[in-house]
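Chemist: I would like to see how this sequence folds:
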Amino acid sequence: MNVIKKTIDLGDGRSITLETGKLAKQADGSVTVRMGNTVLLGTVCGAKEAAPGTDFMPLQVDYKEKFSAFGRFPGGFTRREGKPSDYEVLTSRLVDRVLRPLFPDNYHAEVFVNIILFSADGEDIPDALAGLAASAALAVSDIPFNGPISEVRVGRVNGRYIVNPTYSQLEKADIDIMVGATMDNIMMVEGEMDEVQEADMLEAIKVAHEAIKVHCRVQAELMEACGKTVKREYCHEENDEDLRKAVHDACYAKAYAIAVSGTDKQTRAEAFEAIATEFKAAYTEEELETKGPMIDRYYHDVEKEAMRRAILDEGKRLDGRRTTDIRPIWIETDCLPGPHGAAVFTRGETQSLTTVTLGTKTDEKIVDDVLVHGKERFLLHYNFPPFSTGDARAQRGVGRREIGHGNLAHRALKRMLPENYPYVIRVISDILESNGSSSMATVCAGTLALRDAGVQIRKPVSGIAMGLISENRGANYAILSDILGDEDHLGDMDFKVTGTSDGITATQMDIKVDGLSYEILEKALAQAREGRLHILEKITEAQPETRPDLKPHAPRIEVLTIGKEFIGAIIGPGGKIVQGIQEKTGATISIDEIDGVGIVEVAGVNKESINAALRAIRLIVATPEIGETYDGKISSIMPYGAFVEFMPGKDGLLHISEMDWKRLETVEETGLREGDSVTVKLVDIDPKTGKFKLSRKALLPRPEGTPADRPQRPARYEGNRSGGGNRNRR
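Modeler: Numbering: from 1, shown residues only. Here you go, the predicted structure:
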């Protein structure tokens, strides 16, 4: 067994160990990554040949966490790991987005990357090590790859930038970003911030890149030690240079004319397609069987070149805009009667219909991941149906892209929600049209819908997607505001930035070229801010203020803070008391203990039901006071008096001598029966036993001539229901 180890010194007392040659040796590449007690295994397997007709990079990245890594059993009936959680999907996407652009353009064999968390300590966050594990596995394999890469998380706590912070440190951070990069270039950025400035985010990226450079150097040493500096040979594309030239000569001028014509998406797509169809018409069906795929590939390159040259040479974009122009925006709020909040946000040919639903504690999402378990009170779901792009196909389940876009919008908005908001919030963005950055349309529509629902968010949030067209390693470039789908697909960068008027709240960036300088990033951020503020102006013009109150059909919630010792009294044996209050009032009651304090949420369809439930709860948690009057119910009759439940769960003795001013021989003389309502006054509380003495007589008019009460002898039974007879009557 030839085990090779390399260590990365993090410089703060921590280190990362890379080990290969011990586990999963039949994979093309396998590396164990360990930091403290967190251990991941990264493996990679690549097919030797490409499937016929494949003209793209068929890469599959899967990140999986084992519950045993943290000494836990999975939930569910099977007690076995099932479909990937959203967290696992998001981590897989983070790794995929850095790796994918670094495979050779003509490499089309299937590659499967698997990263498995086998051990965790609950402090170190494993997703920050997933990219390193994947890249190290590729480094020790013979699969062609223009790496190595690594990923790190950077948090800023009290003004200090921390690389790969712990969970506890991250809770205090105002910046939380993941950065993926090679030794020379930033490839991916994603994260959330608390309204930070562009310069602060750029500094966090620089800190991350310096740490990544160390990771890459150690991987290069590991690759050399394993003897994997020479990668496998492959031939996954057949090319015909004469045909490539023929396609370019015949089609480029026509494609360029369309690129500068400024037409809409559908007209432009049909015109581009007609050029390729016209060129293919010169070939027979038999010739197209072999040459057709090559023509399609070469013509794609022609379209790309035409679009890029139109922007770089003439400053003309596909839809006729200048590089800094934002597409026309129209907005409609309060557009649906049923949801608690709704808005349509349309920017050019991208449209989001977003709704807001307000719920109670029972609507919370239960999160039961390996290392993160709790409840989520703010949900954002993003849907991308095929008809939004005119595709004639069936809609299936939620894909990785939808989870990723929804997560970005969720991050953009969540820090703007009011603190300690009693409602559970679900935002649903349905994309009805798409031609560029539907996730940013979701952020804008989400802001509008939340404000329409009466959610008093701190500040409105907008988002914009920036693009880049560059050549000669950034010597000549153009930064594009509010990019189209084609500009994303054929361009060099997709840089999404969301924020308020005061700073950035979330970002996501994917780079597709080498040589992106910090100068270009800085200019892109500045241009993004201008576009973001422009969109914010449109939002506030259409919706100057947040709705001052919830809509009439929205649930109403009141929150009551109680001592935790009262929680059991409200719930009652087997839930009897709380269920009774809910049945009687029609309200929904949720009870929880947070930080040693009882939190009671009362929700209802109207204020009357809520107030009735609150009155019942306040009676339970209230402290009985001598001299106060209470409406009670007789729970039992004894020879010496009656026991009255004058507050929920609190009984007191109404002695026969306190029932009336006249002398009574039996309780029956009063006409009182079990279950009758009676108004009583609390006249005394025994300091030793805490038992309550009630009086009905004290609330009745004193008859004229009635002598003053004589002192009574102590009641020997003191409220004992089991007997006593009339022995203590005067």
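
Chemist: Where does the prediction get shaky in the chain?
Modeler: Within the chain, the stretches with pLDDT under 70 are 515, 705-730.

Chemist: so what's Arg309 up against?
Modeler: 256, 259 (C-beta atoms under 8 Å, 6 or more residues apart in numbering). In this view, the C-beta of every residue, glycine as well, is placed from N, C-alpha and C.

Chemist: Which strand or helix spans it?
Modeler: Under the criterion of DSSP states H and E, Arg309 resides in helix 285-314.

Chemist: in that helix, what counts as buried?
Modeler: Neighbour-count burial for helix 285-314 flags 291, 293-295, 298-300, 302-311 (criterion: 16 or more other C-beta atoms under 10 Å).

Chemist: Check stretch 471-480 too.
Modeler: With burial defined by 16+ other C-beta under 10 Å, the residues of stretch 471-480 counted as buried are 474, 477-480.

Chemist: Distance to Leu94 and secondary structure for these - can I get that in CSV?
Modeler: Output for the buried residues of stretch 471-480, formatted as CSV (distance: C-beta to C-beta, whole Å; DSSP: H, G, I helix; E, B strand; the rest coil):
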residue, distance to Leu94, secondary structure
Gly474, 25, coil
Tyr477, 26, strand
Ala478, 28, strand
Ile479, 24, strand
Leu480, 24, strand
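
Chemist: from these, which is closest to Val344?
Modeler: Distance to Val344 across the buried residues of stretch 471-480 (C-beta to C-beta) is lowest for Leu480, with 25.0 Å.

Chemist: what's in contact with stretch 567-584?
Modeler: Contacts of stretch 567-584 with the rest of the structure, by C-beta under 8 Å, 6+ apart, involve 562, 587-589, 591, 593, 598, 600, 612-613, 616-617, 620-621, 648-649.

Chemist: Do you have the helices of this structure handy? List them.
Modeler: With helices called from DSSP state H, the chain shows them at 86-99, 127-139, 167-170, 198-226, 241-259, 265-280, 285-314, 400-414, 438-452, 485-490, 518-542, 567-571, 576-585, 607-621.

Chemist: closest one to Trp330 among these?
Modeler: Of all the helices of the chain, helix 518-542 comes closest under C-beta to C-beta, at 8.3 Å.

Chemist: got the buried residues for that closest one?
Modeler: By neighbour count on 16+ other C-beta under 10 Å, the buried set for helix 518-542 is 520-521, 524-525, 527-529, 531-532, 534-536, 538-539.

Chemist: Dump the residues you listed to a markdown table, plus distance to Tyr63.
Modeler: Shown next, in a markdown table, are those (distance: C-beta to C-beta, whole Å):
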| residue | distance to Tyr63 |
| --- | --- |
| Ile520 | 30 |
| Leu521 | 27 |
| Ala524 | 29 |
| Leu525 | 29 |
| Gln527 | 34 |
| Ala528 | 29 |
| Arg529 | 33 |
| Gly531 | 33 |
| Arg532 | 31 |
| His534 | 38 |
| Ile535 | 34 |
| Leu536 | 36 |
| Lys538 | 39 |
| Ile539 | 36 |
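
Chemist: Report the two of those residues separated the most.
Modeler: Farthest pair in the buried residues of helix 518-542 (C-beta to C-beta) is Ile520 and Ile539. Separation: 28.2 Å.

Chemist: ok, of the contacts of stretch 567-584, which come out buried?
Modeler: 562, 587-589, 591, 598, 600, 612-613, 616-617, 620-621, 648.

Chemist: hmm, which two among those residues are most spread apart?
Modeler: Counting by C-beta to C-beta, the most remote pair of these is Gly598 and Ala612, 19.8 Å apart.

Chemist: ok, of the buried residues of stretch 471-480, which one's closest to Ser501?
Modeler: Closest approach to Ser501 among those (C-beta to C-beta): Ile479, at 21.4 Å.

Chemist: Enumerate every residue touching that closest one.
Modeler: 323, 466-468, 520, 523-524, 527.

Chemist: And stretch 320-338, end to end?
Modeler: Stretch 320-338 has its terminal residues 39 Å apart, counting by C-alpha to C-alpha, to the nearest Å.

Chemist: chain center to that stretch: distance?
Modeler: 24 Å (C-alpha atoms, centre = their mean, to the nearest Å).

Chemist: which of the residues in that stretch are buried?
Modeler: Across stretch 320-338, burial judged by 16+ other C-beta under 10 Å covers 321, 323, 326-327, 329, 331-335.

Chemist: could you pull out the strands for the stretch 601-730 of the chain?
Modeler: Taking DSSP state E, counting those that start in this stretch as the criterion, the stretch 601-730 of the chain carries its strands at 629-638, 641-647, 650-655, 677-685, 692-695.

Chemist: Pipe these into TSV and attach distance to Pro460 and mean neighbour count per row.
Modeler: Listed next are these as TSV, based on distance: least, C-beta to C-beta, whole Å; neighbours: other C-beta atoms under 10 Å:
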stretch	distance to Pro460	mean neighbour count
strand 629-638	49	17
strand 641-647	47	23
strand 650-655	50	23
strand 677-685	53	17
strand 692-695	55	22
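
Chemist: For Ser439, find the nearest of the ones you listed.
Modeler: For the strands of the stretch 601-730 of the chain, proximity to Ser439 was assessed by C-beta to C-beta; strand 641-647 is nearest, at 54.1 Å.

Chemist: Tabulate the helices of the chain (JSON lines), appending distance to Glu151.
Modeler: Output for the helices of the chain, formatted as JSON lines (distance: least, C-beta to C-beta, whole Å):
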{"stretch": "helix 86-99", "distance to Glu151": "6"}
{"stretch": "helix 127-139", "distance to Glu151": "3"}
{"stretch": "helix 167-170", "distance to Glu151": "15"}
{"stretch": "helix 198-226", "distance to Glu151": "7"}
{"stretch": "helix 241-259", "distance to Glu151": "36"}
{"stretch": "helix 265-280", "distance to Glu151": "34"}
{"stretch": "helix 285-314", "distance to Glu151": "28"}
{"stretch": "helix 400-414", "distance to Glu151": "15"}
{"stretch": "helix 438-452", "distance to Glu151": "21"}
{"stretch": "helix 485-490", "distance to Glu151": "22"}
{"stretch": "helix 518-542", "distance to Glu151": "17"}
{"stretch": "helix 567-571", "distance to Glu151": "44"}
{"stretch": "helix 576-585", "distance to Glu151": "48"}
{"stretch": "helix 607-621", "distance to Glu151": "49"}
